[in-house]
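*Asks:* Give the three-dimensional model of this entry:
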Amino acid sequence: MSPSKSLLATARSDIPASIVVALVALPLCLGVALASGAPLFSGLIAGIVGGIVVGGLSRSSLSVAGPAAGLTVIVLAAIERLPSFQVFTLAVVLAGVLQLAFSFTRAGILAEFVPSSVITGMLAAIGLILILKQIPHAVGYDGDFEGSFEFATAGGNTFVDLWNSLSRGLTAGAVLIGGISLAFLFWWDHAKPKHGPLRFLPGPLVVVMIGVLGNLLLGLIHPEWQLGPKHLVQVPIADSASAFVGLFTLPDFSAIASPAVWTTAATLAIVASLESLLSVKAVDEIDPKRRTTDKNWELMAQGGGNIVSGLIGGLPVTSVIVRSSANVDAGADSKLSTILHGTWLLVSVALIPAVLNLIPLSALAAVLIATGYKLAKPKLFLERYKQGWSQFVPLVVTVVAILFTDLLIGILVGLAVGFVFVIARNFRTAITYACDGSDCLVRARRNLYFIHKYELQKKLELVPPDSDLLIDLSSTSYVDLDNVDIINAFIKNAAYRGIRVVVRGDIAERTLPLINAPAAEVRFA
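*Replies:* I've put the predicted structure just below:
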């Protein structure tokens, strides 16, 4: 089946999913642009490019790219430091070029070394952050920007904002719309028909309709509860087609020799690549079909997306887990959903921006809260707990670190703890020793690496003189050369202690030279 036919075959599931992702992406694109100190339309450009360009180039079936909250601090600092926004978009283009270079050097393989417990922790943390950050928007307290992941905020921190929203920031109309929307989404998950045309109806689309119509109805029956513009989506509106085209801008290539531009580009390329690789890895984990994405190709796709986004005035793009998880949850089956979501964003901001500006943020917050709950279900923590502390502790540490810092710092902390457990597992006893009279056994239970040198040395020192020793390497496929030297040194010394040595295992014959010591019997079995 050709790629085009394959995409069309999944249209029934991908079209509804793409609508859901577009609705989720809309406020996030605007929020990230606002937090970055960039023109609002630059966030929409990044969302459109992330869908159409990155979606078209990527080999990931379910990952969705767009402007990322994890880059807001870097982008804000860069925009303030560089002479103009057009110079900043030049840095975005150059970051894309650097990502292409990362792809050619096969840097994508780094994602495969991230422990699964850290990936699970990242997903759970993002779910909890969505809930904590979106509750204020759901009740009408829009103090922090949409898509914020940082713990520290203008109002203090995540928990302070949550308390303020619930204690003195309630807006009656937002609470009503948000509550009804959230209740509908949870009900729809259980009541959605499995057959008939309604099975293709996206719950978030119904929620948006509830929000728009509900707010208009409040204006008729209870005007003081009707939500004003600050509680609604705010898409820039162009007066004409030429004005809309004017919202796209070209980079200032005259600054290409500036060291500050290249420093910004390198920073964006490294951070965006890391976030994209982790997000794609996480999406592969939650893909119902468990498909595996080519990470090096993904870097190429992200680089191409950033080149295009920078060329037309957009923010940098990365693969983003919130939109990707919404895509998975909505039942997407292929990257057609990702491409279409970018198409819907382009068409809607070009043709119906006034209609988009009728959507209450509380309705969209309900969609994100429902998505967050699915990412952070208690069942997820129980499953990892049952797998042991080596899985549970990195998960919890990753969650806590992300909650109290930001996404990238939290992931790095989780990685550090995860690697500690990986190293600890490798320090477990790898070699067993047993002796019955003059018959002794030293057995390697798994591959032997540099860190096993001390253990191997100590076990061999236990072998008494005038004994028959079996060194069993049959369970190994690799023995580090340092360990080979230890075994060979022991065999050579065994000749003078009356120890007869038998070495078992295919690896032994390939790596251990037979030493013809005068008083020892050394053979392979």
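*Asks:* mean confidence score for stretch 273-292?
*Replies:* Stretch 273-292 shows a mean pLDDT of 90.
*Asks:* For it, which residues meet the burial criterion?
*Replies:* 273-284, 286-287 (16 or more other Cβ atoms under 10 Å). Glycine gets a C-beta too; all of them are placed from N, C-alpha and C.
*Asks:* Give me the contacts around that stretch.
*Replies:* Residues outside stretch 273-292 that contact it (Cβ atoms under 8 Å, 6 or more residues apart in numbering) are 60-63, 65, 68, 70-71, 99, 102, 107-108, 110-112, 114, 116, 119-120, 122-123, 293, 295, 298-299, 302, 318-321, 324-325, 328, 407-408, 411.
*Asks:* Could you export it as CSV, CA atoms only?
*Replies:* C-alpha atoms of stretch 273-292 as CSV (Å, rounded to 0.1, in the frame of the first residue of the first chain):
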residue,chain,number,x,y,z
SER,A,273,16.4,18.4,20.1
LEU,A,274,16.5,17.0,23.7
GLU,A,275,12.8,17.8,24.3
SER,A,276,11.8,16.4,20.9
LEU,A,277,13.7,13.1,21.4
LEU,A,278,12.2,12.7,24.9
SER,A,279,8.7,13.5,23.7
VAL,A,280,8.9,11.1,20.7
LYS,A,281,10.3,8.4,23.0
ALA,A,282,7.3,9.0,25.3
VAL,A,283,4.8,8.9,22.5
ASP,A,284,6.2,5.6,21.4
GLU,A,285,5.6,4.3,24.9
ILE,A,286,1.9,5.3,24.8
ASP,A,287,1.2,4.3,21.2
PRO,A,288,-1.4,1.5,21.3
LYS,A,289,0.4,-0.2,18.4
ARG,A,290,3.8,0.3,20.1
ARG,A,291,5.4,1.6,16.9
THR,A,292,9.0,2.8,17.1
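*Asks:* what's the distance between it and the middle of its chain?
*Replies:* 7 Å (Cα atoms, centre = their mean, to the nearest Å).
*Asks:* Adjust the sequence numbering to begin at 20 for everything that follows.
*Replies:* I'll keep to 20 as the first residue from here, and by that count the last item is stretch 292-311.
*Asks:* and Lys405, how many residues sit next to it?
*Replies:* 9 (other Cβ atoms under 10 Å).
*Asks:* Can you tell me the SS state at Thr268?
*Replies:* coil (DSSP: H, G, I helix; E, B strand; the rest coil).
*Asks:* So for it, what pLDDT did the model give?
*Replies:* 93.
*Asks:* likewise Leu533?
*Replies:* Reading off the model, Leu533 has pLDDT 50.
*Asks:* The one 10 residues further on too?
*Replies:* If you check Phe543, the pLDDT there is 55.
*Asks:* got it, and Met20?
*Replies:* pLDDT at Met20 comes out at 48.
*Asks:* Please, where are all the strands along the stretch 220-369 of the chain?
*Replies:* Assigned by DSSP state E, counting those that start in this stretch, the stretch 220-369 of the chain shows strands spanning 337-338.
*Asks:* Other residues contacting stretch 402-416?
*Replies:* 134-137, 139-140, 143, 400, 432-433, 436-437, 440, 443-444.
*Asks:* Report the buried members of those residues.
*Replies:* Buried, going by 16+ other Cβ under 10 Å: 134-137, 139-140, 143, 400, 432-433, 436-437, 440, out of these.
*Asks:* for those residues, which one is nearest Ala44?
*Replies:* Using Cβ to Cβ, Ala143 is the member of those that lies nearest Ala44, at 21.8 Å.
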